[in-house]
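A.B. asks: Provide a 3D model corresponding to the input given below.
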Amino acid sequence: MKLTTQYNRNIVPAIIVIFLISIVSSYFLIRNVLQNEVDGALLRTRNRLTTYIKQNDRIPPISAFNDQVIRFEKGQASAPDSGFHSSTLYIPEQNRNHLSRQLVFTLQIKNEPWKVTVSQPLEGSRHLTILIAKIAIATISLTLLLLMLINRRVLSRIWGPFHQSLTTIRTFKVNDQTHPVFPDSPIEEFKLMNAHFTKAAENATRDYRNLKEFSENASHEIQTPLAIIRSNLDLLTQEHMTARQSELLQSVYSSVRKLSRLQQSMLLLTKIDNRQFEQIGDIRIDLALQDKIQQFQELLHPKNLHCHVELTETCIPANKELLDILLNNLFSNAIRHNTTNGALFVECKEKALIIGNTGIDQPLDPDRIFRRFYRNSSQSENSGLGLSIIKQICETTALQVQYQFENSLHRFIIHW
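C.D. replies: Now for the predicted structure:
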(Lines give C-alpha, C1' and ligand atoms only; values in the text may rest on other atoms or scores of the structure.)
Protein backbone atom coordinates (compact mmCIF):
# COMPACT_ATOMS: atom_id res chain seq x y z
CA MET A 1 0.00 0.00 0.00
CA LYS A 2 1.33 3.43 -0.96
CA LEU A 3 2.10 6.00 1.70
CA THR A 4 -0.39 8.50 0.25
CA THR A 5 -3.13 5.85 0.29
CA GLN A 6 -2.39 5.00 3.90
CA TYR A 7 -2.33 8.72 4.76
CA ASN A 8 -5.72 9.28 3.08
CA ARG A 9 -7.22 6.28 4.83
CA ASN A 10 -6.30 7.80 8.17
CA ILE A 11 -6.95 11.48 7.52
CA VAL A 12 -10.12 11.37 5.38
CA PRO A 13 -12.34 9.62 8.00
CA ALA A 14 -11.15 12.11 10.62
CA ILE A 15 -11.96 15.05 8.31
CA ILE A 16 -15.40 13.57 7.52
CA VAL A 17 -16.17 13.17 11.23
CA ILE A 18 -15.07 16.76 11.89
CA PHE A 19 -17.21 18.03 9.02
CA LEU A 20 -20.25 16.05 10.21
CA ILE A 21 -19.87 17.50 13.68
CA SER A 22 -19.53 20.95 12.09
CA ILE A 23 -22.71 20.43 10.02
CA VAL A 24 -24.77 19.28 13.01
CA SER A 25 -23.38 22.09 15.17
CA SER A 26 -24.09 24.63 12.44
CA TYR A 27 -27.66 23.38 12.08
CA PHE A 28 -28.48 23.78 15.78
CA LEU A 29 -26.57 27.05 16.02
CA ILE A 30 -28.46 28.54 13.06
CA ARG A 31 -31.76 27.28 14.42
CA ASN A 32 -31.08 28.87 17.79
CA VAL A 33 -30.05 32.14 16.17
CA LEU A 34 -33.24 32.26 14.08
CA GLN A 35 -35.34 31.27 17.10
CA ASN A 36 -33.75 34.12 19.05
CA GLU A 37 -34.66 36.44 16.19
CA VAL A 38 -38.31 35.29 16.41
CA ASP A 39 -38.25 35.74 20.18
CA GLY A 40 -36.94 39.24 19.67
CA ALA A 41 -39.77 39.99 17.23
CA LEU A 42 -42.29 38.71 19.77
CA LEU A 43 -40.80 40.96 22.44
CA ARG A 44 -40.99 43.94 20.12
CA THR A 45 -44.66 43.11 19.46
CA ARG A 46 -45.26 42.96 23.20
CA ASN A 47 -43.70 46.37 23.65
CA ARG A 48 -45.76 47.82 20.83
CA LEU A 49 -48.96 46.34 22.31
CA THR A 50 -48.14 47.67 25.77
CA THR A 51 -47.46 51.15 24.39
CA TYR A 52 -50.61 51.15 22.27
CA ILE A 53 -52.86 50.06 25.16
CA LYS A 54 -51.34 52.64 27.53
CA GLN A 55 -52.05 55.35 25.03
CA ASN A 56 -55.49 54.21 23.87
CA ASP A 57 -56.73 51.94 26.69
CA ARG A 58 -58.25 49.55 24.16
CA ILE A 59 -57.34 46.46 22.13
CA PRO A 60 -55.45 47.39 18.98
CA PRO A 61 -56.54 46.18 15.53
CA ILE A 62 -55.04 42.72 15.05
CA SER A 63 -54.45 43.01 11.30
CA ALA A 64 -51.75 45.53 11.96
CA PHE A 65 -49.23 42.92 13.12
CA ASN A 66 -48.18 41.06 9.93
CA ASP A 67 -48.09 37.23 10.13
CA GLN A 68 -48.19 37.14 13.91
CA VAL A 69 -51.31 35.77 15.59
CA ILE A 70 -52.44 37.71 18.65
CA ARG A 71 -55.17 36.51 20.99
CA PHE A 72 -56.75 38.47 23.85
CA GLU A 73 -58.61 36.53 26.53
CA LYS A 74 -60.54 38.65 29.04
CA GLY A 75 -60.59 37.91 32.73
CA GLN A 76 -57.80 35.26 32.65
CA ALA A 77 -54.64 36.20 34.38
CA SER A 78 -51.64 34.09 33.50
CA ALA A 79 -48.60 33.60 35.60
CA PRO A 80 -46.41 36.67 35.49
CA ASP A 81 -44.29 36.62 32.43
CA SER A 82 -44.77 32.94 31.58
CA GLY A 83 -42.24 33.53 28.85
CA PHE A 84 -41.55 31.81 25.57
CA HIS A 85 -42.52 28.31 24.57
CA SER A 86 -43.05 26.33 21.38
CA SER A 87 -46.38 24.89 20.26
CA THR A 88 -48.36 24.11 17.14
CA LEU A 89 -50.47 26.79 15.50
CA TYR A 90 -53.19 26.29 12.91
CA ILE A 91 -52.80 28.57 9.89
CA PRO A 92 -56.17 28.96 8.09
CA GLU A 93 -54.58 30.31 4.91
CA GLN A 94 -52.51 27.09 4.53
CA ASN A 95 -55.07 24.81 6.23
CA ARG A 96 -52.40 23.10 8.28
CA ASN A 97 -50.65 23.21 11.62
CA HIS A 98 -47.24 24.77 11.92
CA LEU A 99 -44.71 24.79 14.66
CA SER A 100 -44.81 28.26 16.25
CA ARG A 101 -43.17 30.29 18.92
CA GLN A 102 -45.45 31.86 21.56
CA LEU A 103 -45.12 34.63 24.12
CA VAL A 104 -47.80 34.81 26.85
CA PHE A 105 -48.15 37.85 29.11
CA THR A 106 -50.84 39.91 30.97
CA LEU A 107 -52.01 43.46 30.23
CA GLN A 108 -54.47 45.75 32.02
CA ILE A 109 -57.14 47.21 29.72
CA LYS A 110 -59.68 49.48 31.40
CA ASN A 111 -58.57 48.12 34.77
CA GLU A 112 -59.34 44.55 33.71
CA PRO A 113 -56.73 41.79 33.29
CA TRP A 114 -56.31 40.41 29.80
CA LYS A 115 -54.22 37.37 28.83
CA VAL A 116 -52.34 38.15 25.65
CA THR A 117 -50.83 35.36 23.50
CA VAL A 118 -48.58 36.38 20.63
CA SER A 119 -47.68 33.52 18.23
CA GLN A 120 -45.42 33.52 15.22
CA PRO A 121 -44.99 30.50 12.93
CA LEU A 122 -41.48 29.05 12.67
CA GLU A 123 -42.11 27.54 9.24
CA GLY A 124 -40.12 30.24 7.49
CA SER A 125 -37.34 29.92 10.01
CA ARG A 126 -37.36 26.13 9.64
CA HIS A 127 -37.16 26.38 5.87
CA LEU A 128 -34.39 28.94 6.18
CA THR A 129 -32.54 26.72 8.64
CA ILE A 130 -32.83 23.72 6.33
CA LEU A 131 -31.73 25.82 3.36
CA ILE A 132 -28.72 27.15 5.24
CA ALA A 133 -27.90 23.61 6.41
CA LYS A 134 -28.08 22.34 2.82
CA ILE A 135 -25.82 25.14 1.69
CA ALA A 136 -23.43 24.29 4.52
CA ILE A 137 -23.45 20.60 3.57
CA ALA A 138 -22.82 21.43 -0.09
CA THR A 139 -20.07 23.88 0.81
CA ILE A 140 -18.38 21.48 3.23
CA SER A 141 -18.64 18.58 0.76
CA LEU A 142 -17.13 20.69 -1.99
CA THR A 143 -14.44 21.82 0.43
CA LEU A 144 -13.70 18.20 1.35
CA LEU A 145 -13.46 17.20 -2.31
CA LEU A 146 -11.22 20.14 -3.16
CA LEU A 147 -9.11 19.44 -0.07
CA MET A 148 -8.59 15.83 -1.14
CA LEU A 149 -7.68 16.87 -4.69
CA ILE A 150 -5.34 19.60 -3.51
CA ASN A 151 -3.88 17.28 -0.89
CA ARG A 152 -3.27 14.63 -3.53
CA ARG A 153 -1.68 17.18 -5.83
CA VAL A 154 0.51 18.61 -3.11
CA LEU A 155 1.58 15.19 -1.84
CA SER A 156 2.40 14.06 -5.39
CA ARG A 157 4.58 17.12 -5.90
CA ILE A 158 6.26 16.76 -2.52
CA TRP A 159 6.90 13.03 -2.92
CA GLY A 160 7.92 13.35 -6.58
CA PRO A 161 11.69 13.54 -5.86
CA PHE A 162 11.38 10.56 -3.52
CA HIS A 163 9.86 8.35 -6.22
CA GLN A 164 12.41 9.59 -8.76
CA SER A 165 15.21 8.64 -6.37
CA LEU A 166 13.71 5.17 -5.90
CA THR A 167 13.46 4.73 -9.66
CA THR A 168 17.06 5.85 -10.10
CA ILE A 169 18.40 3.49 -7.45
CA ARG A 170 16.21 0.63 -8.74
CA THR A 171 17.57 0.94 -12.29
CA PHE A 172 21.14 1.47 -11.10
CA LYS A 173 23.63 -1.23 -12.06
CA VAL A 174 27.09 -1.56 -10.60
CA ASN A 175 28.59 -2.09 -14.05
CA ASP A 176 27.28 1.24 -15.39
CA GLN A 177 29.94 3.68 -16.48
CA THR A 178 28.10 6.69 -15.03
CA HIS A 179 27.09 7.38 -11.45
CA PRO A 180 23.38 7.72 -10.63
CA VAL A 181 22.08 11.30 -10.49
CA PHE A 182 19.37 11.95 -7.91
CA PRO A 183 16.90 14.86 -8.14
CA ASP A 184 17.34 17.94 -5.99
CA SER A 185 14.82 18.47 -3.21
CA PRO A 186 14.38 21.21 -0.60
CA ILE A 187 13.27 18.60 1.94
CA GLU A 188 16.03 17.73 4.37
CA GLU A 189 14.97 14.09 4.77
CA PHE A 190 15.10 13.53 1.01
CA LYS A 191 18.50 15.21 0.82
CA LEU A 192 19.79 12.85 3.51
CA MET A 193 18.29 9.84 1.70
CA ASN A 194 19.89 10.87 -1.63
CA ALA A 195 23.23 11.34 0.11
CA HIS A 196 23.07 7.79 1.50
CA PHE A 197 21.96 6.45 -1.90
CA THR A 198 24.88 8.20 -3.60
CA LYS A 199 27.36 6.85 -1.05
CA ALA A 200 25.97 3.32 -1.33
CA ALA A 201 26.12 3.45 -5.15
CA GLU A 202 29.72 4.66 -5.09
CA ASN A 203 30.74 1.92 -2.65
CA ALA A 204 28.96 -0.76 -4.68
CA THR A 205 30.55 0.44 -7.92
CA ARG A 206 34.00 0.57 -6.36
CA ASP A 207 33.69 -2.90 -4.84
CA TYR A 208 32.36 -4.28 -8.12
CA ARG A 209 35.23 -2.81 -10.13
CA ASN A 210 37.79 -4.12 -7.64
CA LEU A 211 36.25 -7.58 -7.78
CA LYS A 212 36.04 -7.52 -11.57
CA GLU A 213 39.64 -6.38 -11.85
CA PHE A 214 40.72 -9.13 -9.47
CA SER A 215 38.80 -11.78 -11.44
CA GLU A 216 40.21 -10.57 -14.73
CA ASN A 217 43.78 -10.47 -13.44
CA ALA A 218 43.41 -13.85 -11.77
CA SER A 219 42.06 -15.40 -14.99
CA HIS A 220 44.98 -14.06 -17.00
CA GLU A 221 47.55 -15.07 -14.41
CA ILE A 222 46.18 -18.62 -14.35
CA GLN A 223 46.84 -19.07 -18.08
CA THR A 224 50.62 -19.40 -17.78
CA PRO A 225 50.68 -21.98 -14.93
CA LEU A 226 48.00 -23.99 -16.74
CA ALA A 227 50.02 -24.01 -19.94
CA ILE A 228 53.12 -25.19 -18.03
CA ILE A 229 51.16 -27.90 -16.23
CA ARG A 230 49.65 -29.19 -19.49
CA SER A 231 53.07 -29.18 -21.15
CA ASN A 232 54.65 -31.14 -18.31
CA LEU A 233 51.76 -33.57 -18.27
CA ASP A 234 52.25 -34.18 -21.98
CA LEU A 235 55.90 -34.95 -21.31
CA LEU A 236 54.97 -37.35 -18.52
CA THR A 237 52.66 -39.31 -20.80
CA GLN A 238 55.70 -40.15 -22.93
CA GLU A 239 57.43 -41.80 -19.97
CA HIS A 240 56.98 -45.40 -18.93
CA MET A 241 54.54 -45.40 -16.03
CA THR A 242 52.80 -47.96 -13.96
CA ALA A 243 49.01 -48.39 -14.00
CA ARG A 244 48.74 -46.48 -10.72
CA GLN A 245 50.80 -43.62 -12.10
CA SER A 246 48.64 -43.47 -15.26
CA GLU A 247 45.53 -43.36 -13.13
CA LEU A 248 46.90 -40.47 -11.09
CA LEU A 249 47.96 -38.70 -14.27
CA GLN A 250 44.45 -38.95 -15.72
CA SER A 251 43.06 -37.47 -12.50
CA VAL A 252 45.45 -34.56 -12.80
CA TYR A 253 44.49 -34.09 -16.45
CA SER A 254 40.81 -33.98 -15.46
CA SER A 255 41.46 -31.35 -12.80
CA VAL A 256 43.50 -29.27 -15.24
CA ARG A 257 40.74 -29.41 -17.84
CA LYS A 258 38.20 -28.33 -15.23
CA LEU A 259 40.43 -25.47 -14.13
CA SER A 260 40.94 -24.45 -17.76
CA ARG A 261 37.18 -24.35 -18.37
CA LEU A 262 36.74 -22.29 -15.23
CA GLN A 263 39.41 -19.85 -16.36
CA GLN A 264 37.83 -19.52 -19.81
CA SER A 265 34.40 -18.94 -18.28
CA MET A 266 35.76 -16.24 -15.97
CA LEU A 267 37.44 -14.53 -18.91
CA LEU A 268 34.19 -14.70 -20.89
CA LEU A 269 32.20 -13.17 -18.02
CA THR A 270 34.77 -10.40 -17.74
CA LYS A 271 34.49 -9.64 -21.46
CA ILE A 272 30.70 -9.57 -21.22
CA ASP A 273 30.87 -7.23 -18.21
CA ASN A 274 33.26 -4.98 -20.14
CA ARG A 275 30.71 -4.79 -23.00
CA GLN A 276 33.08 -6.18 -25.60
CA PHE A 277 30.15 -7.74 -27.50
CA GLU A 278 28.05 -4.67 -28.31
CA GLN A 279 27.38 -5.36 -32.00
CA ILE A 280 23.81 -6.68 -32.19
CA GLY A 281 21.86 -7.70 -35.28
CA ASP A 282 18.96 -9.89 -36.38
CA ILE A 283 20.04 -13.53 -36.59
CA ARG A 284 18.03 -16.46 -37.94
CA ILE A 285 17.78 -18.45 -34.74
CA ASP A 286 16.21 -21.47 -36.46
CA LEU A 287 19.22 -21.84 -38.78
CA ALA A 288 21.62 -21.41 -35.85
CA LEU A 289 19.76 -24.14 -33.97
CA GLN A 290 19.98 -26.53 -36.92
CA ASP A 291 23.75 -26.05 -37.08
CA LYS A 292 24.11 -26.46 -33.34
CA ILE A 293 22.07 -29.68 -33.32
CA GLN A 294 24.38 -31.09 -35.98
CA GLN A 295 27.45 -30.10 -33.95
CA PHE A 296 26.15 -31.82 -30.79
CA GLN A 297 24.79 -34.88 -32.59
CA GLU A 298 27.76 -37.03 -31.59
CA LEU A 299 27.35 -36.15 -27.92
CA LEU A 300 23.83 -37.59 -27.90
CA HIS A 301 24.93 -41.16 -28.59
CA PRO A 302 26.84 -41.99 -25.35
CA LYS A 303 23.65 -41.49 -23.32
CA ASN A 304 21.33 -42.65 -26.12
CA LEU A 305 19.42 -39.38 -26.01
CA HIS A 306 16.41 -38.76 -28.25
CA CYS A 307 16.24 -35.25 -29.70
CA HIS A 308 12.84 -33.72 -30.49
CA VAL A 309 13.03 -30.59 -32.62
CA GLU A 310 10.32 -28.12 -33.61
CA LEU A 311 11.59 -24.99 -35.34
CA THR A 312 9.79 -21.90 -36.63
CA GLU A 313 11.51 -19.47 -38.97
CA THR A 314 12.26 -16.39 -36.88
CA CYS A 315 14.98 -13.86 -36.07
CA ILE A 316 16.48 -12.87 -32.75
CA PRO A 317 18.26 -9.58 -31.93
CA ALA A 318 21.62 -10.68 -30.57
CA ASN A 319 25.38 -10.64 -30.98
CA LYS A 320 26.52 -13.53 -33.16
CA GLU A 321 29.38 -14.59 -30.87
CA LEU A 322 27.28 -14.35 -27.73
CA LEU A 323 24.42 -16.27 -29.35
CA ASP A 324 26.80 -19.06 -30.26
CA ILE A 325 28.10 -19.18 -26.68
CA LEU A 326 24.52 -19.08 -25.38
CA LEU A 327 23.45 -22.05 -27.51
CA ASN A 328 26.62 -23.97 -26.62
CA ASN A 329 25.90 -23.57 -22.91
CA LEU A 330 22.22 -24.46 -23.28
CA PHE A 331 22.94 -27.64 -25.26
CA SER A 332 25.92 -28.63 -23.10
CA ASN A 333 23.85 -28.16 -19.96
CA ALA A 334 20.92 -30.16 -21.39
CA ILE A 335 23.20 -33.04 -22.44
CA ARG A 336 25.53 -33.09 -19.44
CA HIS A 337 22.71 -33.21 -16.89
CA ASN A 338 20.50 -35.60 -18.86
CA THR A 339 19.81 -39.21 -18.00
CA THR A 340 20.64 -42.33 -19.99
CA ASN A 341 17.93 -43.03 -22.59
CA GLY A 342 16.59 -39.56 -21.84
CA ALA A 343 15.26 -36.90 -24.17
CA LEU A 344 16.24 -33.47 -25.43
CA PHE A 345 13.56 -31.02 -26.58
CA VAL A 346 14.29 -28.02 -28.79
CA GLU A 347 11.40 -25.72 -29.70
CA CYS A 348 11.72 -22.39 -31.46
CA LYS A 349 8.71 -20.06 -31.52
CA GLU A 350 8.24 -16.58 -32.90
CA LYS A 351 9.32 -14.87 -29.68
CA ALA A 352 10.79 -17.65 -27.57
CA LEU A 353 13.35 -20.48 -27.57
CA ILE A 354 12.68 -23.49 -25.35
CA ILE A 355 15.30 -26.14 -24.60
CA GLY A 356 14.27 -28.90 -22.22
CA ASN A 357 15.78 -32.13 -21.01
CA THR A 358 15.06 -35.02 -18.72
CA GLY A 359 17.19 -35.23 -15.59
CA ILE A 360 16.94 -35.48 -11.84
CA ASP A 361 13.34 -35.77 -10.69
CA GLN A 362 13.35 -32.59 -8.63
CA PRO A 363 13.50 -28.89 -9.54
CA LEU A 364 16.60 -26.78 -9.16
CA ASP A 365 16.54 -23.83 -6.80
CA PRO A 366 14.96 -21.04 -8.92
CA ASP A 367 16.42 -18.32 -6.67
CA ARG A 368 20.02 -19.54 -6.98
CA ILE A 369 20.16 -21.38 -10.28
CA PHE A 370 21.66 -18.46 -12.22
CA ARG A 371 24.13 -17.43 -9.53
CA ARG A 372 27.81 -17.90 -10.17
CA PHE A 373 29.32 -21.14 -8.81
CA TYR A 374 25.90 -22.52 -7.90
CA ARG A 375 25.94 -26.31 -8.28
CA ASN A 376 23.45 -29.01 -7.49
CA SER A 377 24.86 -31.45 -4.96
CA SER A 378 24.56 -34.34 -7.40
CA GLN A 379 26.51 -32.51 -10.12
CA SER A 380 29.87 -31.86 -8.48
CA GLU A 381 31.73 -31.88 -11.80
CA ASN A 382 29.95 -28.74 -12.93
CA SER A 383 31.91 -25.49 -12.55
CA GLY A 384 28.77 -23.55 -11.71
CA LEU A 385 29.34 -20.84 -14.32
CA GLY A 386 27.41 -22.17 -17.33
CA LEU A 387 23.98 -20.91 -16.31
CA SER A 388 25.50 -17.71 -14.95
CA ILE A 389 26.99 -17.06 -18.39
CA ILE A 390 23.56 -17.69 -19.96
CA LYS A 391 22.01 -15.17 -17.58
CA GLN A 392 24.73 -12.60 -18.24
CA ILE A 393 24.40 -12.94 -22.02
CA CYS A 394 20.63 -12.49 -21.81
CA GLU A 395 20.99 -9.34 -19.73
CA THR A 396 23.59 -7.92 -22.10
CA THR A 397 21.47 -8.51 -25.21
CA ALA A 398 18.09 -7.52 -23.66
CA LEU A 399 16.81 -11.11 -23.59
CA GLN A 400 14.98 -12.82 -20.74
CA VAL A 401 15.73 -16.30 -19.43
CA GLN A 402 13.30 -18.39 -17.39
CA TYR A 403 13.61 -21.80 -15.72
CA GLN A 404 10.67 -24.21 -15.37
CA PHE A 405 10.28 -27.74 -14.05
CA GLU A 406 7.19 -29.61 -15.21
CA ASN A 407 6.48 -33.32 -15.54
CA SER A 408 10.09 -34.28 -14.68
CA LEU A 409 11.32 -31.99 -17.48
CA HIS A 410 13.81 -29.18 -16.93
CA ARG A 411 13.10 -26.31 -19.34
CA PHE A 412 15.03 -23.11 -20.07
CA ILE A 413 13.04 -20.50 -21.97
CA ILE A 414 14.64 -17.53 -23.73
CA HIS A 415 12.24 -14.65 -24.52
CA TRP A 416 12.91 -11.73 -26.84
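A.B. asks: next one: I354 from D361, what distance?
C.D. replies: As judged by C-beta to C-beta, to the nearest Å, I354 and D361 stand 20 Å apart. Quick note: C-beta positions are derived from backbone N, CA and C, even for glycine.
A.B. asks: more neighbours: which of these two?
C.D. replies: Per other C-beta atoms under 10 Å, whichever of I354 and D361 has more neighbours is I354, with 17 against 8.
A.B. asks: can you pull the contacts of the more buried one?
C.D. replies: F345, V346, E347, C348, R411, F412, I413, I414 (C-beta atoms under 8 Å, 6 or more residues apart in numbering).
A.B. asks: quick one, phi/psi of it?
C.D. replies: phi -120, psi 120 (degrees, to the nearest 10).
A.B. asks: please name the nearest non-neighbouring residue to it.
C.D. replies: Distances taken as C-beta to C-beta, 6 or more residues apart in numbering put E347 closest to I354, at 4.3 Å, once the chain neighbours are dropped.
A.B. asks: how about the secondary structure of the one you found?
C.D. replies: strand (DSSP: H, G, I helix; E, B strand; the rest coil).
A.B. asks: quick check: S185 vs S408, distance?
C.D. replies: Counting by C-beta to C-beta, the gap from S185 to S408 is 54 Å.
A.B. asks: more neighbours: those two, which one.
C.D. replies: Higher neighbour count among S185 and S408: S185, with 18 against 13, using other C-beta under 10 Å.
A.B. asks: for the nearest residue to the more buried one once chain neighbours are set aside, grab the count of nearby residues.
C.D. replies: Taking C-beta to C-beta, 6+ apart, and ignoring the residues beside it in sequence, S185 has P161 as its nearest neighbour in space, at 3.9 Å. Number of residues near P161 (other C-beta under 10 Å) recorded here: 19.
A.B. asks: what does Q102 give?
C.D. replies: Neighbour count of Q102, defined by other C-beta under 10 Å: 18.
A.B. asks: tell me the strands beside the host helix or strand of it, with direction?
C.D. replies: If you go by DSSP states H and E, Q102 is part of strand 96-109. Using DSSP bridges, the strands paired with strand 96-109 in its sheet are strand 83-91 (antiparallel), strand 112-121 (antiparallel).
A.B. asks: for the helix or strand bottoming out on mean pLDDT in the chain, buried residues please.
C.D. replies: Lowest mean confidence among the helices and strands of the chain (mean pLDDT, DSSP states H and E): strand 83-91, at a mean of 74. For strand 83-91, the buried set under the neighbour-count rule, 16 or more other C-beta atoms under 10 Å, comprises F84, L89.
A.B. asks: who touches that strand?
C.D. replies: 39, 42, 69, 96-104, 119, 121-122.
A.B. asks: distance of C315 from I109?
C.D. replies: Distance, C315 to I109, using C-beta to C-beta: 114 Å.
A.B. asks: first-to-last residue distance for stretch 62-72?
C.D. replies: End-to-end distance for stretch 62-72, by C-alpha to C-alpha, to the nearest Å: 10 Å.
A.B. asks: also stretch 341-359?
C.D. replies: End-to-end span of stretch 341-359 (C-alpha to C-alpha): 11 Å.
A.B. asks: one more: stretch 402-412?
C.D. replies: For stretch 402-412, the end-to-end distance is 6 Å (C-alpha to C-alpha).
A.B. asks: for it, give the mean pLDDT please.
C.D. replies: Stretch 402-412 shows an average pLDDT of 89 in the prediction.
A.B. asks: buried residues in that stretch?
C.D. replies: Y403, F405, H410, R411, F412.
A.B. asks: what's the closest of the residues you listed to K303?
C.D. replies: H410 (14.9 Å; C-beta to C-beta).
A.B. asks: and the closest one, that's in a strand?
C.D. replies: Yes: per three-state DSSP, H410 lies within a strand segment.
A.B. asks: what's the first helix or strand after the helix or strand where Q264 lies?
C.D. replies: When elements are assigned from DSSP H and E, Q264 belongs to helix 243-273. Once the chain leaves helix 243-273, the next helix or strand it forms, by DSSP H and E, is strand 281-284.
A.B. asks: off-centre distance for that following strand?
C.D. replies: Relative to its chain's centre, strand 281-284 lies at 37 Å (C-alpha atoms, centre = their mean, to the nearest Å).
A.B. asks: next: stretch 294-304.
C.D. replies: Using C-alpha atoms, centre = their mean, the offset of stretch 294-304 from its chain centre is 49 Å.
A.B. asks: how about the helices of the chain, start to end?
C.D. replies: Counting by DSSP state H, the chain has helices at residues 3-56, 123-171, 188-237, 243-273, 285-295, 297-300, 320-336, 386-396.
A.B. asks: just want the angle from the longest one to strand 112-121.
C.D. replies: Spelled out, it's helix 3-56. Here helix 3-56 points in a direction 150 degrees away from that of strand 112-121 (axes from the mean of the first three to the mean of the last three C-alpha atoms, to 10 degrees).
A.B. asks: now for helix 3-56, which elements pack on it?
C.D. replies: strand 96-109, strand 112-121, helix 123-171 (3 or more C-beta pairs under 8 Å, 6 or more residues apart in numbering; DSSP states H and E).
A.B. asks: and with 10 Å instead?
C.D. replies: Applying 3 or more C-beta pairs under 10 Å, 6 or more residues apart in numbering; DSSP states H and E, one finds that helix 3-56 contacts strand 69-74, strand 83-91, strand 96-109, strand 112-121, helix 123-171.
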